[in-house]
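**Student:** Turn this into a model:
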Amino acid sequence: MTRSLGRTPFPRRRAWGAGLTLAGIGVAVAALVPFRSSIDGSLAALVLVVPVAIGVAVGGIPVAPVGIITGFLAYDYFFIPPFDTFRVAGGSRWVSLAVYTAVSLIVGGVVAQVQAARAEAEAREAELGLLYELAREVSDADDLQAALRAVAHLARARLDLTTAAVLLPESLGPPDPGRTTGLRAAAVEGAPLPERDLERLVAMLPLREVSEVPGAPGLVAAPLAASAGPAGVLAVTGRGVGAPPAPHGGSGPATPASAGPACAGPLAASP
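**Tutor:** You can find the predicted model right below:
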């Protein structure tokens with residue numbers, strides 16, 4: 001499952017992570033400064049690593065530089081003699097600052113890896129749950145039409161979409177005099193797709209991966225594949241549905257980012 005439909009993650013978590021890091025460093029400094037003459041500087045360094053770990057746990061690895069730089073400056077200014085200045089007296093003090101920086105980098109990296117592994121595991125679990133629910137809904141359907149409606153309904157409900165439509169080639173069903181695009185809506189949940197957007201979608205066929213439809217903002221299409229080959233298209237619209245820029249500045253088709261439970265392409269469909 002390399003391509004997904006879903007919402008892009010909000011950067012708000014990074015802001016929360018950075019805020020918690022800065023607040024934690026402020027609290028640590030306020031608590032330790034009155035005792036800095038009587039405590040070991042290594043204790044202060046150890047305490048200042050904790051806000052870095054908390055910030056990375058909440059906001060991810062991009063928050064780490066904020067905590068490391070702020071903690072470095074706070075440690076130097078408040079806990080490295082001479083106090084209340086950025087001057088460092090003696091080579092051993094530089095070693096202390098270097099050790100603090102190294103420990104902060106290591107702790108931040110470990111926490112980020114643990115969080116990434118946890119997020120990936122939760123995403124996989126959610127995907128398996130979605131696939132199980134989809135298989136159950138399709139198996140309970142009385143006929144192909146009911147199965148397709150179940151697919152559209154489940155996609156819209158689980159991904160919080162405005163529209164989810166299963167589109168099949170005209171040749172797989174009775175012709176629709178109102179459609180001239182070569183695709184018919186076998187099942188639609190939500191608002192119907194404009195004919196103009198369907199024409200743009202048809203111009204992209206055959207689809208090989210989840211793709212945005214050029215000229216139709218917010219419309220994303222995923223191929224439905226059967227054992228005999230392409231069987232149709234799952235077309236969705238919704239706030240937050242979209243794709244990030246192509247990697248490395250490429251000009252190839254963009255693909256939507258994954259954010260939790262998702263439908264992956266090509267999606268399996270009953271022949």
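
**Student:** quick one: the strands in the stretch 51-200 of the chain?
**Tutor:** 163-169, 183-190 (DSSP state E, counting those that start in this stretch).

**Student:** Show me where this protein has its helices.
**Tutor:** Using DSSP state H, the helices found in the chain span residues 12-32, 41-59, 64-79, 91-140, 144-159, 195-202.

**Student:** Kindly state which of those helices is positioned closest to Ala221.
**Tutor:** helix 195-202 (5.6 Å; C-beta to C-beta). Heads up, the C-betas are built off the backbone N, CA and C, glycines and all.

**Student:** CA atoms of that closest one as PDB?
**Tutor:** Provided in PDB are the C-alpha atoms of helix 195-202 (Å, rounded to 0.1, in the frame of the first residue of the first chain):
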ATOM      1  CA  GLU A 195     -19.800  16.200 -15.800                       C
ATOM      2  CA  ARG A 196     -16.900  18.500 -16.600                       C
ATOM      3  CA  ASP A 197     -14.800  16.900 -13.800                       C
ATOM      4  CA  LEU A 198     -15.700  13.400 -15.100                       C
ATOM      5  CA  GLU A 199     -14.500  14.400 -18.600                       C
ATOM      6  CA  ARG A 200     -11.100  15.500 -17.100                       C
ATOM      7  CA  LEU A 201     -10.900  12.200 -15.200                       C
ATOM      8  CA  VAL A 202     -11.600  10.200 -18.400                       C
END
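
**Student:** these two touch, right, Thr237 and Leu161?
**Tutor:** Yes. Proximity of Thr237 to Leu161 meets the contact threshold set by C-beta atoms under 8 Å, at 6.6 Å.

**Student:** So for these two, which residue has more residues nearby?
**Tutor:** Under the criterion of other C-beta atoms under 10 Å, the comparison of Thr237 against Leu161 puts Leu161 first, with 24 against 21.

**Student:** How about that one, nearest residue that isn't a chain neighbour?
**Tutor:** Gly238 (3.8 Å; C-beta to C-beta, 6 or more residues apart in numbering).

**Student:** Wait, that neighbour touches Thr163, no?
**Tutor:** Yes. Taking contacts as C-beta under 8 Å, Gly238 lies within contact range of Thr163: 7.3 Å.

**Student:** still on that earlier bit, so which of the strands of the stretch 51-200 of the chain is the most surrounded?
**Tutor:** strand 163-169 (a mean of 23; mean count of other C-beta atoms under 10 Å).

**Student:** What number of residues are in the vicinity of the closest residue to Gly55 other than its chain neighbours?
**Tutor:** The shortest distance from Gly55 to any residue other than its chain neighbours is 3.1 Å, reached at Thr21 (C-beta to C-beta, 6+ apart). The local packing of Thr21 (other C-beta under 10 Å) involves 27 other residues.

**Student:** Ok, Gly19 next?
**Tutor:** 15.

**Student:** how much space is there between it and Phe83?
**Tutor:** Here Gly19 is placed at a distance of 27 Å from Phe83 (C-beta to C-beta, to the nearest Å).

**Student:** show me the contacts for the residue nearest to Gly55.
**Tutor:** Listed by C-beta atoms under 8 Å, 6 or more residues apart in numbering, the contact set of Thr21 reads 51-52, 54-55, 59, 63, 66-67, 70.

**Student:** And the pLDDT for it?
**Tutor:** We have a pLDDT of 92 for Thr21.

**Student:** go on, Val188?
**Tutor:** 86.

**Student:** ok, and the closest non-adjacent residue to it?
**Tutor:** Distances taken as C-beta to C-beta, 6+ apart place Ala165 nearest to Val188, at 4.5 Å, with adjacent residues excluded.
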